[in-house]
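1. After the sequence you'll find the predicted model.
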Amino acid sequence: MDFSHPTGKKPQKVLMLLLGESKADYANMQGTTHDPLPVFDGCEVWTCNAGFRIWRHDVLFVMDDLELEAYRWPQYGEDLMQHNQPIITSRPYPSWNAQAYPFREICEDLQLHGFDRYFFNTVPFMLAYALWLGVKHVSIFGADYWHPAIGNAREADLANAEWWLGFLRGRGVGISIAPNSTLMGMRNAGRPLYGYRFDPRINLDRRELAAQKEAKMSRKRVERDLHLSPGAIDLVEGRTPTKVESFTSGGVDFRQFSDQQSPQVID
């Protein structure tokens, strides 16, 4: 299949705005600041299913068969037909502005075999596609397969999405998750490390941040002494400075971590 990404771009950062309870975190963060948050700067926005009714987006994923969806829910099918943004789906039909998900190409290029072809819901398809496309960082809001606010649980789907997050992390893709999401246990990110009376991660985090701060100050001193432009050393070395940023907006603390780091513990 001759496939090209529907936006014609090669996004480095993707913001996935989905339909679970933690989608509210995004509204809280964006609605309490006048300036765009840096973590979302330059992101291509992807959503799925009925998310097109909520989110302004660049690409819509509907992996369910469009004809069957239109048969079950006629108004939903009609709305998808009228949708003016590109749709990626399992099987395209002429009535929809859609193109086929490149399943074979992804399996071949990522060397997925046997249980690696593990897709129980739409989010894993989106994550695999992001990796295949060369995306470097993915931010996710609303990927909640259970949540105290709604009670029901889709445990197999949760495991599937988390398996793919680990797959992407192993390939060097940075991941940010809504702080109130149940995905990867983000809602309980501050709980003690299992088995430890005193959490050893806190001191590790502090040491890492201190080392990053000292390295940054050292580079600034060298740049100043050699009369170089700010950031010149990183450009010469071909390195993007590693950093951890914490954004607090509307009482929500959102941690962005680079592909060299794991999620940070909130002290």
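-> Okay, I see it.

2. by contact count, what packs against the stretch of helix or strand Lys220 belongs to?
-> Here Lys220 sits within helix 201-225, counting by DSSP states H and E. Judged by 3 or more C-beta pairs under 8 Å, 6 or more residues apart in numbering; DSSP states H and E, helix 201-225 is in contact with helix 232-237, strand 244-249. (C-beta placed from N, C-alpha, C; glycine too.)

3. OK, contacts around Trp96?
-> Leu66, Leu80, Met81, His83, Ile87, Thr89 (C-beta atoms under 8 Å, 6 or more residues apart in numbering).

4. measure the closest residue to Asn84 other than its chain neighbours to Ile88 for me?
-> Excluding the flanking residues, the one nearest Asn84 by C-beta to C-beta, 6 or more residues apart in numbering is Asn97, at 7.2 Å. Asn97 is 11 Å from Ile88, where distance means C-beta to C-beta, to the nearest Å.

5. Show me which of those two is the more surrounded one.
-> Ile88 (24 against 16; other C-beta atoms under 10 Å).

6. how about the strands in this protein?
-> For the chain, the strands defined by DSSP state E cover 13-17, 44-48, 59-62, 87-89, 98-100, 137-141, 174-177, 244-249, 252-257.

7. could you say what helices and strands the fourth one packs with?
-> Meaning strand 87-89. Using 3+ C-beta pairs under 8 Å, 6+ apart, strand 87-89 sits against strand 59-62, strand 98-100.

8. and the closest residue in space to Ala156 that isn't next to it in sequence, how many neighbours?
-> Once flanking residues are discounted, Ala156 sits nearest to Phe120: 5.7 Å by C-beta to C-beta, 6+ apart. Here the number of neighbours of Phe120 (other C-beta under 10 Å) works out to 16.

9. Please name the residues that touch the residue nearest to Lys9 when sequence neighbours are not counted.
-> Take Lys9 and drop its neighbours on the chain: the residue closest to it by C-beta to C-beta, 6+ apart is Glu44, 6.7 Å away. Glu44 makes contact with Thr7, Lys9, Pro11, Lys13, Val14, Leu15, Asp58, Val59, according to C-beta under 8 Å, 6+ apart.

10. tell me which residues form a beta bridge with Glu44?
-> Val14 (DSSP bridges).

11. how close does it get to Ala100?
-> The value you get for Glu44 to Ala100, if C-beta to C-beta is used, is 19 Å.

12. So the closest residue to Ala70 other than its chain neighbours versus Thr89, what's the distance?
-> Nearest non-adjacent residue to Ala70, counting by C-beta to C-beta, 6+ apart: Gly77, 2.4 Å away. Gly77 sits 12 Å away from Thr89, going by C-beta to C-beta.

13. of the two, who's got more company?
-> Ranked by neighbour count (other C-beta under 10 Å), Gly77 and Thr89 place Thr89 first, with 21 against 17.

14. my guess is that one contacts Pro102, does it?
-> No: contact criterion C-beta atoms under 8 Å: Thr89 and Pro102 do not qualify, at 11.5 Å.

15. how deep is the nearest residue to Trp96 once chain neighbours are set aside tucked in, by neighbour count?
-> Excluding the flanking residues, the one nearest Trp96 by C-beta to C-beta, 6+ apart is Leu66, at 5.3 Å. By other C-beta under 10 Å, the residues close to Leu66 number 22.
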